[in-house]
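S.K.: here is my input, please return the structure:
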Amino acid sequence: MDFSTIVTKTSQILSDNAPTILSGIAATTTVATAIFSAQGSFKAAKLLASEKRRRELETVKPEPLTTKEKIELVWPCYVPAATTGVVSVTCIILANRIGSRRAAAMAAAYAMSRDAFAEYKDKVVEKLGERKESKLRDELAEDQIRRNPNTREIIISGPNEVMCYDSITGRYFKSNVESLRKAENDINREINQGVYASLSDFYSLVGLPRTPYSDEVGWNHNYVFELQFSTVLSEDGTPCISINYEPYPIRDFY
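M.R.: The predicted model follows:
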């Protein structure tokens, strides 16, 4: 491996891990600032005491040190602490800026992929027709359920309900189409009245515990919330309703 390749790979690693590296430097320099401040205060106290004794030996009635004289005498003691403090603050600001830019880039990429998926789905419906598209969606839902066959943690909401599968979190629970449609209507009503609603709001209506992810995503007045159902069989032959969301919940929905 030649020198230019090593430099290129090192630069890439530093760039990819810049926020972590800067945060580590900030943490280290914060500790260093506290240590240097303590050391500087100790040195400053010794200098002031030494200057006071010198004046007492040279003068019968020595004048007390003025504030300006104290600053001129002890400021070099605090240079290391000030330096590490500036480095710490700078690293924190840079790490925050890099993190903000990357978050904005990820949000933009997410929005582009969501729009591209919507266009792709519309084109599939246009080319294949709604019936074939619905059949394809059912097959995808069945594949999802087969990849996640664990039904031991089933959340039961009430009697006379069937197995349901949440396609986002991969959780099973008991409900029925009527209850799910009611929850859909309640969410749309909340969107119309309160401008937005989170995925956690929907989970609360159907009896599913909220998750950190469901708190971050949702819908607003720019999108009409709609549930899409696919009826499939799980691996053990149990009828199951797979729930999909149209449109898919977005971040920054509020």
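S.K.: am I right that Pro62 falls within a strand?
M.R.: No - read with DSSP: H, G, I helix; E, B strand; the rest coil, Pro62 is coil and lies in no strand.
S.K.: how near is Pro80 to Leu94?
M.R.: For Pro80, the distance to Leu94 equals 21 Å [CB to CB, to the nearest Å]. From N, CA and C alone the C-beta is placed, and that goes for glycine too.
S.K.: one more: Glu216?
M.R.: Distance from Glu216 to Leu94, by CB to CB: 25 Å.
S.K.: also Arg53?
M.R.: 46 Å.
S.K.: likewise for Ala183?
M.R.: Distance from Ala183 to Leu94, by CB to CB: 45 Å.
S.K.: which of these two has more residues huddled nearby?
M.R.: Ala183 (20 against 17; other CB atoms under 10 Å).
S.K.: roughly how far out does the host helix or strand of that one sit from the chain middle?
M.R.: Using DSSP states H and E, Ala183 falls within helix 177-194. The chain centre lies 27 Å from the centre of helix 177-194; the measure is CA atoms, centre = their mean, to the nearest Å.
S.K.: and it, what does it pack onto?
M.R.: Contacts defined by 3 or more CB pairs under 8 Å, 6 or more residues apart in numbering; DSSP states H and E place helix 177-194 against strand 196-198, helix 199-206, strand 217-220, strand 226-233, strand 239-246.
S.K.: so what are the sheet partners of the last one and their directions?
M.R.: For strand 239-246, the paired strands and their directions (DSSP bridges) read strand 162-166 (parallel), strand 226-233 (antiparallel).
S.K.: and for the third one?
M.R.: Each strand pairing with strand 217-220, determined using DSSP bridges, is listed with its direction: strand 196-198 (antiparallel), strand 250-251 (antiparallel).
S.K.: burial measure for Trp219, as a count.
M.R.: For Trp219, using other CB under 10 Å, the count is 25.
S.K.: nope, Glu184 is what I meant
M.R.: There are 19 residues near Glu184, going by other CB under 10 Å.
S.K.: and it, what does it touch?
M.R.: 202, 225-227 (CB atoms under 8 Å, 6 or more residues apart in numbering).
S.K.: got the confidence number for it?
M.R.: The per-residue pLDDT reported for Glu184 equals 93.
S.K.: any idea how far Ser15 is from Gln39?
M.R.: 35 Å.
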